[in-house]
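>>> Below are the sequence and a predicted model for it; my questions follow.
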Amino acid sequence: MFTKEDIAAIEAHGLSVAQAERQIENFRNGFPPLPVTRAASPGDGIKVLDSGQIAAAEALYDSRATELQIVKFVPASGAATRMFKELFEFVNEGRRGKGIDTLLQNIERFAFFPELAKHITPQSDDEQIVRNIIIDGLGYGSKPKGLVTFHAYPDSLRKPVEEHLVEGALYARMGNRVRIHFTVSPEHKAGFEALLAERQRIYEERFNVRYEVTFSVQRPSTDTIAVDMDNRPFRTDEGGLLFRPAGHGALIENLDALDADIIFVKNIDNVTTDRRKADTVTYKKVLAGELLRLQQRSFRLIEALRRGDDVAAEAAAFLQEELCCRLPEDTGREKILSLLDRPIRVCGMVRNEGEPGGGPFWVRRDDGVEQLQIAESSQIAPEKMDLMKSATHFNPVDLVCGVRRHDGTKFDLRKYVDPSTGFISKKSSGGRDLRAQELPGLWNGAMADWNTIFVDVPITTFSPVKVVQDLLRPEHQ
């Protein structure tokens, strides 16, 4: 299947031939649907905290934050192409939908209008205005979301990168230090660095903190081979193999490389203005406090089990009642220990109000253990799609991760990935159709074997920008 040149290219990517062959098999056989049993709901997999529990969780986190190594992890590698898809259709194909009318009728309400105004005149027609948003002028169509102006303040305009600096100072600070890690595309890194060089000092002075900002890119070893529509390796015009980034699931490698006790995970576009940040800050601390509480008891039980103490029944009850891990009746001591000794993530879940995205589900493992998982609709068998529709909550990507063992050593997060999950989609290159493969999503299959806890959080903590018109919503004005 592979030539000598192919093998050299595969190895140059940090892949083995066996891995490449396994990717080809995935195209041929597809990925099995996730064995979901039901949607998680309040009282059955989703915790709804009362005011006392919220206050206690926040206080626990605040009391320990200065002694912890904390990192705010922000996936920010995606270009804003999808955000401006309708604008490209208008400029390139002359297709004018309602979204274009909404954009132009409200153009002065967008935070980026003062910047746009420098590139247009009162005589500019609709096509020229839109073109100067995405191609000429602002050039947003080729920039990442993190570098698009989202919000206007009396004294400044802010991009999402800056809003994450503000958030970091409000809930992820260690004394006067704030560590933030952005995953970026290589071609966009210089843009992020230039913005931070210009603006970072402003927020350091405002919040009396020192930011330690780092970047990483998806590793070539996580790329996947593309195939043609007959599942044979896709060949470029030069005859070589075509490798494609494997989606955000590949970022588990980037997450694994961080040295931290607690890692906050939140998408680059899920930010709001200062006057609406209070719930976001509170519930980030609450999720972190819940993580610390669960970790404390989990670590104590692990140590007791390793000593041989008679705590198996207590540990089993803790797994089932607190860590949402349903056990078969014959589960033994070693199995209980292995299930306890896993990374923990506490995930905020928002009440379903029609927003797209994955949801919280119960999944049955091959060994009979039932545990919680975040699933996308593409992972669910057609005959079980009613479960997706019945979900009371959806995933806003609001995670707090505990990645250390009871003894302080770090988990190897790559060992808790479900390799049988993934996505296959139709793409094109050079005008020819191809099939592309993505690794298990970062908060889906890449964290499939973590201890997972879902907590109900208010919709006010979720302010994504999927299309440019979303910037007209109250949470961005």
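Nice, I can see it. Numbering: from 1, shown residues only.
>>> what about the stretch 51-200 of the chain, any weak spots by pLDDT?
Residues of the stretch 51-200 of the chain meeting the criterion pLDDT under 70: none.
>>> mind listing the helices for it?
Assigned by DSSP state H, counting those that start in this stretch, the helices in the stretch 51-200 of the chain fall at 51-64, 85-93, 98-105, 113-116, 126-134, 160-171, 189-207.
>>> One more: the stretch 351-477 of the chain?
Using DSSP H, counting those that start in this stretch, the helices of the stretch 351-477 of the chain run over 385-390.
>>> what residue ranges in it score low on pLDDT?
Low-confidence segments of the stretch 351-477 of the chain (pLDDT under 70): 354-357.
>>> Recalculate using a threshold of 90.
The stretch 351-477 of the chain contains residues with pLDDT under 90 at 352-359, 375-392, 419-434, 436-445.
>>> Of the helices of the stretch 51-200 of the chain, which is nearest M349?
Closest approach to M349 among the helices of the stretch 51-200 of the chain is made by helix 51-64 (15.0 Å; C-beta to C-beta). Where C-beta positions appear, they are placed from N, C-alpha and C, glycine not excepted.
>>> Next, the buried residues of that closest one.
For helix 51-64, the neighbour count (16 or more other C-beta atoms under 10 Å) marks 53-54, 56-58, 60-61, 64 as buried.
>>> Let me know the angle separating that helix from helix 160-171.
Interaxial angle of helix 51-64 relative to helix 160-171 (axes from the mean of the first three to the mean of the last three C-alpha atoms, to 10 degrees): 90 degrees.
>>> what's helix 51-64 packed up against?
Based on contacts counted as 3 or more C-beta pairs under 8 Å, 6 or more residues apart in numbering; DSSP states H and E, the elements that helix 51-64 packs against are helix 278-307.
>>> just so I know, which of the helices of the stretch 51-200 of the chain lies nearest S221?
So among the helices of the stretch 51-200 of the chain, helix 189-207 is nearest, using C-beta to C-beta, at 18.9 Å.
>>> Run through the neighbouring helices and strands of that closest one.
In terms of contacts (3+ C-beta pairs under 8 Å, 6+ apart), helix 189-207 is packed against helix 160-171, strand 210-216.
>>> contacts for the shortest one?
With contacts defined as C-beta atoms under 8 Å, 6 or more residues apart in numbering, strand 210-216 is touched by 165, 168, 176-184, 189, 192-193, 196, 200, 203-204, 254, 257.
>>> Same check on the first one?
With C-beta under 8 Å, 6+ apart as the test, helix 160-171 has contacts from 72, 74, 76, 145-148, 150-151, 178-180, 182, 192, 195-196, 199-200, 203, 206-207, 209, 211, 264, 266, 268-269, 271-272, 274, 277, 280-281, 284-285, 288.
>>> Next, the angle helix 189-207 makes with that helix.
Orientation check (the same axes, to 10 degrees): helix 160-171 against helix 189-207 gives 40 degrees.
>>> Would you double-check that A246 falls in a strand?
No - under DSSP: H, G, I helix; E, B strand; the rest coil, A246 sits outside any strand and is assigned coil.
>>> Now do the domain split for the protein, please.
Residue ranges for each domain of the chain read 4-80+151-476, 82-142, as given by automatic domain parsing.
>>> quick one: low-confidence parts of the stretch 201-350 of the chain?
Low-confidence segments of the stretch 201-350 of the chain, defined by pLDDT under 90: 217-224, 236-239, 243-251, 253, 329-330.
>>> picking that back up, can you select the buried ones from the contacts of strand 210-216 in PyMOL?
Selection of buried members from the contacts of strand 210-216 for PyMOL, criterion 16+ other C-beta under 10 Å:
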select buried, resi 165+168+178+179+180+181+182+183+184+189+192+196+200+203+204+254
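>>> coming back round to it: adding distance to A316, write the buried residues of helix 51-64 out as JSON lines.
Putting these into JSON lines (distance: C-beta to C-beta, whole Å) gives the following:
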{"residue": "Q53", "distance to A316": "23"}
{"residue": "I54", "distance to A316": "28"}
{"residue": "A56", "distance to A316": "25"}
{"residue": "A57", "distance to A316": "24"}
{"residue": "E58", "distance to A316": "30"}
{"residue": "L60", "distance to A316": "25"}
{"residue": "Y61", "distance to A316": "28"}
{"residue": "R64", "distance to A316": "28"}
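>>> from those residues, which is closest to D155?
Using C-beta to C-beta, the shortest approach to D155 within those belongs to E58, at 30.0 Å.
>>> Was I right to think the closest one contacts T282?
Yes - counting by C-beta atoms under 8 Å, E58 does reach T282; the two are 6.4 Å apart.
>>> mean confidence score for stretch 31-48?
The average pLDDT for stretch 31-48 rounds to 93.
>>> Quick one: end-to-end length of that stretch, please.
34 Å (C-alpha to C-alpha, to the nearest Å).
>>> shouldn't I453 be in contact with Q295?
No - applying C-beta under 8 Å as the test, I453 and Q295 come out as separate, 11.0 Å apart.
>>> so what sits against both of those two?
Here I453 and Q295 share the contacting residues I344, scored by C-beta under 8 Å, 6+ apart.
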